[in-house]
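Student: build me a structure from this.
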Amino acid sequence: MTSTINLADKLSQFDDHWSPRAVAQYNGNDIMVVKVRGEFVWHSHADTDDFFFVLKGSLDIEMRDRTVTLNPGELFVVPRGVEHRPVAREEVHLLLIEPSGTPNTGDPKTAAARKVI
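Tutor: Below is the predicted model:
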């Protein structure tokens, strides 16, 4: 990387929801931004934890035994193997960090295609 990355600028380049955009790589991990709204599918990741950092808005992460609410500046890591479903009642902007190639639904057949901006 030869220059800084402005996350607000990257987020302004798209409008679709639940379709992460990679903005950088770090030690084999994709650093991504995504806009979300509504309910995502229940899913889990067998091989990796799931990292969520809220940039804008309020996100609920529902798990079978509890719900965690995140506000701007807060992060939460869902442990690998834990079934969860992010829910955004209004549009939320997130920073995600995942090993490159991790399917966002936990299943490559239903995952959003990775896009780089």
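
Student: report all helices and strands that the helix or strand harbouring D60 contacts.
Tutor: Secondary structure from DSSP states H and E places D60 in strand 59-63. Contacts defined by 3 or more CB pairs under 8 Å, 6 or more residues apart in numbering; DSSP states H and E place strand 59-63 against strand 67-70, strand 75-78, strand 84-99. C-beta here means a position set from N, CA and C on the backbone, and glycine is covered the same way.

Student: okay if I get those as JSON lines plus mean pLDDT and mean neighbour count?
Tutor: Shown next, in JSON lines, are those (pLDDT from 0 to 100; neighbours: other CB atoms under 10 Å):
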{"stretch": "strand 67-70", "mean pLDDT": "98", "mean neighbour count": "14"}
{"stretch": "strand 75-78", "mean pLDDT": "98", "mean neighbour count": "15"}
{"stretch": "strand 84-99", "mean pLDDT": "96", "mean neighbour count": "18"}
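
Student: nearest to E39, of the ones you listed?
Tutor: Of all the helices and strands packed on strand 59-63, strand 84-99 sits nearest to E39, with 5.0 Å by CB to CB.

Student: give me the distance from the closest one to the chain's centre.
Tutor: On the basis of CA atoms, centre = their mean, to the nearest Å, strand 84-99 sits 4 Å off its chain's mean C-alpha point.

Student: now do stretch 16-29
Tutor: For stretch 16-29, the gap between its own C-alpha mean and the chain's C-alpha mean amounts to 8 Å (CA atoms, centre = their mean).

Student: closest to S3 out of the helices and strands packed on strand 59-63?
Tutor: Nearest to S3 among the helices and strands packed on strand 59-63 is strand 84-99 (18.1 Å), distances taken as CB to CB.

Student: ok so, going back, neighbouring strands - and their directions - for the strand holding D60?
Tutor: Applying DSSP bridges, strand 59-63 is found paired with strand 67-70 (antiparallel), strand 84-99 (antiparallel).

Student: noted, bye for now.
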